[in-house]
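1. Okay, sequence plus prediction incoming.
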Amino acid sequence: MTQYSGKFISLEGMDGAGKSTHIPTIISLLEARGVEVVSTREPGGTKLGEQLRELLLHAPMHPETEAMLMFAARREHIAEVIEPALARGAYVLTDRFTDATYAYQCGAKGVASHKILQLEDWVQAGLQPDVTLLFDVPAEVSLQRLSTARAPDKFEREGVVFFEKLRNSYLERAAQFPQRFRVIDANQSLENVKALVTKIIATI
Ligand code: TMP
């Protein structure tokens with residue numbers, strides 16, 4: 001695969017794990033180095049991707065349809081946003097990427113992992129984040145945080161068993177790719193988590 005001069009960072013975790021809260025901190029830490037930072041998200045990040053996001057978050061569909069639409073949105077995202085940014089030397093910070101498909105569609109919803117792998121090979125052609133920050137909290141903590149948050153989308157309405165499967169899949173991915181993953185214990189104060197995030201970003 002092409003070698004890029006930029007760096008590709010993904011943020012992962014269950015809904016309610018608090019990953020998105022830390023995006024502004026990460027952006028300012030990186031920008032302080034004088035690099036361009038492209039902050040984006042999945043599903044989404046492009047005009048078509050955001051349209052697919054609306055469908056994915058609200059329309060009931062087969063888990064395999066969901067996986068394929070996630071990768072359709074990802075294909076656009078890579079072609080339009082991620083690869084051009086990496087090629088010009090920018091840091092790309094994405095709120096979720098393919099580990100989310102392994103956790104949600106495969107781990108929690110039962111799509112066969114070899115099918116996800118085929119889509120991954122096709123769509124990414126070897127492109128992987130350089131670093132993935134996994135915000136880890138117990139399932140009950142996620143659910144508790146979500147119960148006081150905004151109106152839930154279809155993923156956020158799932159129960160504790162779903163969230164436990166999600167967490168396990170994420171932790172399995174982290175164990176499988178220890179070089180890429182940094183697991184953050186996000187079941188502590190915002191300040192402590194922020195300090196951990198700051199420390200990790202300094203190493204990237
Ligand atoms: P967000 O709320 O963190 O932006 O994520 C949107 C939802 O989409 C979240 O519940 C996780 C889900 N999702 C998947 O199920 N599979 C995927 O591949 C991605 C990127 C997100």
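-> Perfect, thanks for sending it.
2. what's the longest helix along the chain in contact with?
-> In the chain, with assignment by DSSP state H, the single longest helix is helix 160-176. Here helix 160-176 makes contact (C-beta atoms under 8 Å, 6 or more residues apart in numbering) with 12-14, 99, 102-104, 106-108, 132, 134, 136-140, 142-143, 181, 183. Where you see a C-beta, it was placed from the backbone N, CA and C, and this is true even at glycine.
3. ok, now with 6 Å
-> Helix 160-176 is contacted from outside by Met14, Asp99, Tyr102, Ala103, Gly107, Ala108, Leu134, Ala139, Ser142, Phe181, Val183, using C-beta atoms under 6 Å, 6 or more residues apart in numbering.
4. ditto for stretch 91-101
-> 6-12, 20, 26, 30, 35, 37-42, 67, 70, 82, 85-86, 116, 120, 129, 173.
5. taking these one by one, which sit in strands?
-> Lys7, Phe8, Ile9, Ser10, Leu11, Glu12, Val37, Val38, Ser39, Thr40, Arg41 (DSSP state E).
6. Of the contacts of stretch 91-101, which are in range of the ligand?
-> Arg41, Glu42, Met70 (C-beta under 6 Å from any ligand atom).
7. tell me, how many neighbours does Ser39 end up with?
-> 17 (other C-beta atoms under 10 Å).
8. and what of Ala59?
-> 11.
9. repeat for Phe162
-> Neighbours around Phe162, by other C-beta under 10 Å: 18.
10. For it, report the pLDDT, please.
-> Per-residue pLDDT puts Phe162 at 95.
11. One more: the one 4 residues further on?
-> According to the predicted model, the pLDDT of Leu166 comes to 97.
12. Please determine how far it is located from Thr98.
-> Separation of Leu166 from Thr98 (C-beta to C-beta, to the nearest Å): 15 Å.
13. how about Leu93, secondary structure?
-> strand (DSSP: H, G, I helix; E, B strand; the rest coil).
14. Would you mind naming what in the chain lies close to the ligand?
-> So the chain meets the ligand at 15, 41-43, 57, 70, 95-96, 100-101, 104-105, 155 (C-beta under 6 Å from any ligand atom).
15. Of those residues, keep whichever come out buried.
-> Asp15, Arg41, Glu42, Pro43, Met70, Asp95, Arg96, Ala100, Thr101, Tyr104, Gln105, Phe155 (16 or more other C-beta atoms under 10 Å).
16. which parts of stretch 118-138 are buried?
-> Here stretch 118-138 shows 119-120, 123-124, 127-138 as buried, counting by 16+ other C-beta under 10 Å.
17. wait, I meant stretch 136-147
-> Result for stretch 136-147 [16+ other C-beta under 10 Å]: buried residues Asp136, Val137, Pro138, Ala139, Val141, Ser142, Leu143, Arg145, Leu146.
18. Equivalent analysis for stretch 72-82, please.
-> Ala72, Ala73, Arg74, Arg75, Glu76, His77, Ile78, Glu80, Val81, Ile82.
19. Straight-line length of that stretch, end to end?
-> One end of stretch 72-82 sits 14 Å from the other (C-alpha to C-alpha, to the nearest Å).
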